[in-house]
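Asks: Have a look at this prediction, sequence included:
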Amino acid sequence: MSYLLFVIAVITIGTFLFGYHMGALNAPQAEICCLTSIPIGTKTFLDLPLCIPMSTTEFAVVTSIFTIGGLFGSLAASKPAQKYGRKGALLWSTIGAILGPILMASASSMSMLVAGRLISGFSSGMSIVLTPLFISEIAPKELRGSLGCLTQLSIVFGTLVSQFLGLRLSKSPYWRIILGLAAFLGVIQLVLLFFIIESPNWLVNHKNDVKQAKHTLRKLRGHDNIEAELAEMGVSAEQVLDEEERALLDSENNSARPSSTEEAPASTRSFLFDPKYRQVLKATCVLLVGQQFLGATAMVFFSTSIMSSSFPSQAALVSVYIGIVNLVVTAIASQLIDRTGRKFLLNLSVTGMASSAAGLSVSLFLHWPTISAVCCVVFIAAFAVGAGPIPFLMVSELSYPEVAGIAQSLGLAGNWLGAFLVGTFFPTFKDLFGPWVFLIFTGAGLAGLIGLRAYVPETKDKSIDEVWETRRERIE
């Protein structure tokens, strides 16, 4: 178990950096854009400008370009995940995790900031696809839910860390430290990845290497009782026995390689149009694309401006408190997910978000600051208990092995696109509809509940075949 936790800690550095970059620019915006009393053109001891003149619109471009990089990164992740393995693809992602922050920390112009954010987003987009997929393939079935929640927990923790650093370092030239620190973490992940194993599921289904998969599983579990897990991957008892005999006898007949019963990796076209995968596609859209339109991105991006009318001098601190609540509730949810099931927590989460969004509209309209703050906290807590962590986990559990990488990649691409749309257009809708803008998220929540009931089955303690067989039986 200790080695399993070490592996998960290493691979979640990438998703930590995703959350870190999401919150890194919030607090130091004024210092970065030369909106304080710093004379434009003033240099630091490294001959870098103390600030970079940008308008609000230009800064919005710098901020949102991260999601465009994430979109392309998530689309690009499936092929290297299939060809080089989950670990191999993560190694490639660390290049951007190091280069992007270096460009931002040393930026002397807006274009360098844009390039750094775009590269960092690409790396984060790959990580957000690969990490939940990797965890679902190495976690024991009885702990898959709890360990799967670590993806979202690492994201939330990364955002909170950047918010805390922003309270202390949002002054020139120290904002460069906030942006550059991510490169150091990227180097750490690059080094530590050489000390972890490859996914046993990938070894069986893409490399036909049962021997290495057995060795990997024994190392992860700390015992030899792995036959049931190998069987779930499509390895027959005869294949396991033949592999053991070949190892013990050191047979010279190496040409007789075991072949997995699993299908070859499917193409993106097959995933989109083959009726076999239609249920997986629908569930992926409901979980990952629908997640963004519940409004959590708007709350994270704009919580300070939302709260500024109620708490003018402490809005940034309120945002940090909301981040703490998000982290604590996400940690609690990781302990509940394998006890209560995924669907129960998802339904509870979406219901809470829809209700608190409606309450926020009413309280802002009636100028009830305390109630508005409570609604914000409840909204984020409801998101953290289900809609935040569970979609990433369930897509891996709902996907057949040959399309697991494609499902994660396309689902996260839709998720990134949703984040970009919500982040870009929420301020406009807020100006148009005022406090009633949050009723849009209430409507999205109601639609989400319908989608969950219609297209998303329970996955707790079930193999992929059991999940969809149970679903077919219920429909019939």
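Replies: Yes, it's here.
Asks: quick one: low-confidence parts of the stretch 51-200 of the chain?
Replies: Along the stretch 51-200 of the chain, no part satisfies pLDDT under 70.
Asks: And the helices in it, which stretches?
Replies: 56-76, 78-83, 85-105, 110-138, 144-148, 150-169, 175-193, 200-207 (DSSP state H, counting those that start in this stretch).
Asks: For the last one, list every residue counted as buried.
Replies: Buried positions in helix 200-207, judged by neighbour count with 16 or more other CB atoms under 10 Å: P200, N201, W202, L203, V204, N205, H206. Every C-beta, even on glycine, is put in place using the N, C-alpha and C of the backbone.
Asks: any chance of those in a markdown table, with distance to F6 too?
Replies: Putting the buried residues of helix 200-207 into a markdown table (distance: CB to CB, whole Å) gives the following:
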| residue | distance to F6 |
| --- | --- |
| P200 | 16 |
| N201 | 19 |
| W202 | 19 |
| L203 | 19 |
| V204 | 22 |
| N205 | 24 |
| H206 | 24 |
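Asks: And the helices of the stretch 51-200 of the chain: which comes nearest S363?
Replies: Comparison of these against S363 by CB to CB identifies helix 150-169 as nearest, at 23.8 Å.
Asks: starting at the chain centroid, how far to that closest one?
Replies: Its chain's C-alpha centre and that of helix 150-169 lie 14 Å apart, by CA atoms, centre = their mean, to the nearest Å.
Asks: For H215, find the nearest of the helices of the stretch 51-200 of the chain.
Replies: Among the helices of the stretch 51-200 of the chain, if distance is taken as CB to CB, the winner is helix 200-207, at 8.7 Å.
Asks: chain center to that closest one: distance?
Replies: Using CA atoms, centre = their mean, the offset of helix 200-207 from its chain centre is 23 Å.
Asks: Against which helices or strands is the helix or strand just after it packed?
Replies: Moving toward the C-terminus from helix 200-207, the next helix or strand (DSSP states H and E) is helix 210-221. Secondary-structure packing of helix 210-221 (3 or more CB pairs under 8 Å, 6 or more residues apart in numbering; DSSP states H and E): helix 2-11, helix 200-207, helix 227-232, helix 237-249.
Asks: make it 6 Å
Replies: Helices and strands touching helix 210-221, by 3 or more CB pairs under 6 Å, 6 or more residues apart in numbering; DSSP states H and E, are helix 200-207, helix 237-249.
Asks: What's the mean pLDDT across it?
Replies: In this model, helix 210-221 has a mean pLDDT of 80.
Asks: List the buried residues in that helix.
Replies: For helix 210-221, by 16+ other CB under 10 Å, it's V210, Q212, A213, K214, H215, T216, L217, L220, R221.
Asks: Now those in TSV, please, with extra columns for distance to V280.
Replies: Formatted as TSV, these follow (distance: CB to CB, whole Å):
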residue	distance to V280
V210	26
Q212	28
A213	24
K214	28
H215	30
T216	26
L217	25
L220	26
R221	28
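Asks: quick check, nearest of those to E142?
Replies: E142 lies nearest to R221 out of the buried residues of helix 210-221, by CB to CB, at 11.9 Å.
Asks: Distance check, the closest one against R117.
Replies: The gap separating R221 from R117 is 40 Å, by CB to CB, to the nearest Å.
Asks: Could you do V318 as well?
Replies: Taking CB to CB as the measure, V318 falls 26 Å from R117.
Asks: Which one of those two is surrounded by more residues?
Replies: Neighbours were tallied for V318 and for R117 using other CB atoms under 10 Å; the higher tally belongs to R117 (28 against 19).
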